[in-house]
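Chemist: structural data only, the sequence is not supplied:
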């Protein structure tokens, strides 16, 4: 697998350069569709907070999850990875959709969804067939692919551990979109293989009890903090006034 990743890395500058045209990208990917917006600025702020953390601890692989479905973890992961790619063009950035139950990265970015991580873990393809460059950036993307019969078993496999070991060696920053925590064991399994986890919480929707339960279910995984998603601009009056100037 390591030799395959090496070939994928060499091939990356020529892979799928047309993927992710602005017309195909979900408008919520504000890091690309509205880079001057207040929302895009918040994702940049989140990224630079991670950069400050990197001065104190290794944060090569960062996972993003939520307590429940529908809280915006995929959009957060995609925007964060794009913010990283734009902030440091010289770094090798990888975005992985590790939600094998309901992967949405391909749809959000408007790119081909298969083959993906599922096909790799099933032995149906090689790494070099998965990695594609996104929209003239150095950000690489690996989609989730099809839904396997046993997603938890696939993510807990030795092949997944080997895959993460290899991407650590070939990319400077890796951002993984993980499944929601409460319905499945997947995030608890993968969370311990990351250097840090972000928990996305939707404002005025996610019960505090659900967040606490999700943290307990992660069982000591390295949680970096929570990301408040869906807050109204009126909740941040300073930013609102500043953006209008």
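Modeler: Okay, I see it. This is a predicted model, so every value here is computed, not measured.
Chemist: what helix or strand is the nearest residue to residue 122 once chain neighbours are set aside on?
Modeler: Setting aside the residues directly before and after it, residue 122 is nearest to residue 148 in space (C-beta to C-beta, 6 or more residues apart in numbering), at 6.4 Å. The way it works is simple: take the backbone N, C-alpha and C, and place the C-beta from them, glycine included. In the assignment (DSSP states H and E), residue 148 maps to no helix and no strand.
Chemist: how many other residues sit next to residue 148?
Modeler: 18 (other C-beta atoms under 10 Å).
Chemist: what's the closest non-adjacent residue to residue 204?
Modeler: Nearest one to residue 204, counting by C-beta to C-beta, 6+ apart, is residue 230 at 7.5 Å.
Chemist: quick one, what contacts the one you found?
Modeler: Under the criterion of C-beta atoms under 8 Å, 6 or more residues apart in numbering, the neighbours of residue 230 are 72, 202, 203, 204, 205.
Chemist: mind redoing it with 10 Å?
Modeler: Listed by C-beta atoms under 10 Å, 6 or more residues apart in numbering, the contact set of residue 230 reads 71, 72, 200, 201, 202, 203, 204, 205, 206.
Chemist: among those residues, which ones are buried?
Modeler: Among these, those classed as buried by 16 or more other C-beta atoms under 10 Å are 71, 72, 200, 201, 202, 206.
Chemist: correct me, but the residue nearest to residue 122 touches residue 121?
Modeler: Yes: counting by C-beta atoms under 10 Å, residue 121 is a contact partner of residue 148 at 7.2 Å.
Chemist: shared neighbours of these two, anything?
Modeler: 100, 154, 155.
Chemist: among the residues you listed, who's most crowded?
Modeler: Taking other C-beta under 10 Å as the neighbour criterion, residue 155 ranks highest of those with 27 neighbours.
Chemist: list the residues that contact that residue.
Modeler: Counting by C-beta under 10 Å, 6+ apart, residue 155 has contacts 98-101, 117-118, 121, 148, 161, 178-179, 184-187, 189-190, 193.
Chemist: same question, residue 25
Modeler: 19, 31, 32, 33, 78, 82, 108, 109, 110, 111, 134, 135.
Chemist: can you report phi and psi for it?
Modeler: phi -80, psi 140 (degrees, to the nearest 10).
Chemist: and the gap between it and residue 134?
Modeler: 10 Å (C-beta to C-beta, to the nearest Å).
Chemist: list residues touching both of these two?
Modeler: 19, 32, 78, 82, 109, 110, 111.
Chemist: which ones among the residues you listed lie within helices?
Modeler: In this view, the shared contacts of residue 25 and residue 134 that belong to helices under DSSP state H are 32, 78, 82, 109.
Chemist: ok, of those residues, which one's closest to residue 221?
Modeler: residue 78 (21.6 Å; C-beta to C-beta).
Chemist: burial check on the closest one, number of neighbours?
Modeler: 30.
Chemist: name all residues that make contact with it.
Modeler: Residue 78 touches 25-26, 28-32, 43, 64, 95, 97, 104-105, 108-109, 134, 139, 141, 175, 177, counting by C-beta under 10 Å, 6+ apart.
Chemist: switch to 8 Å and redo it
Modeler: Taking C-beta under 8 Å, 6+ apart as the test, what residue 78 contacts is 29, 31, 95, 105, 108, 109, 177.
Chemist: which of those tops the neighbour count?
Modeler: residue 109 (29 neighbours).
Chemist: what about that residue, distance to residue 157?
Modeler: From residue 109 to residue 157 the distance is 26 Å (C-beta to C-beta).
Chemist: and for residue 210?
Modeler: As for residue 210, its distance to residue 157 is 29 Å (criterion: C-beta to C-beta).
Chemist: which of these two has more neighbours?
Modeler: Remark: of residue 210 and residue 157, residue 210 carries more neighbours, 18 against 15, as counted by other C-beta under 10 Å.
Chemist: Three-state assignment for residue 212, please.
Modeler: helix (DSSP: H, G, I helix; E, B strand; the rest coil).
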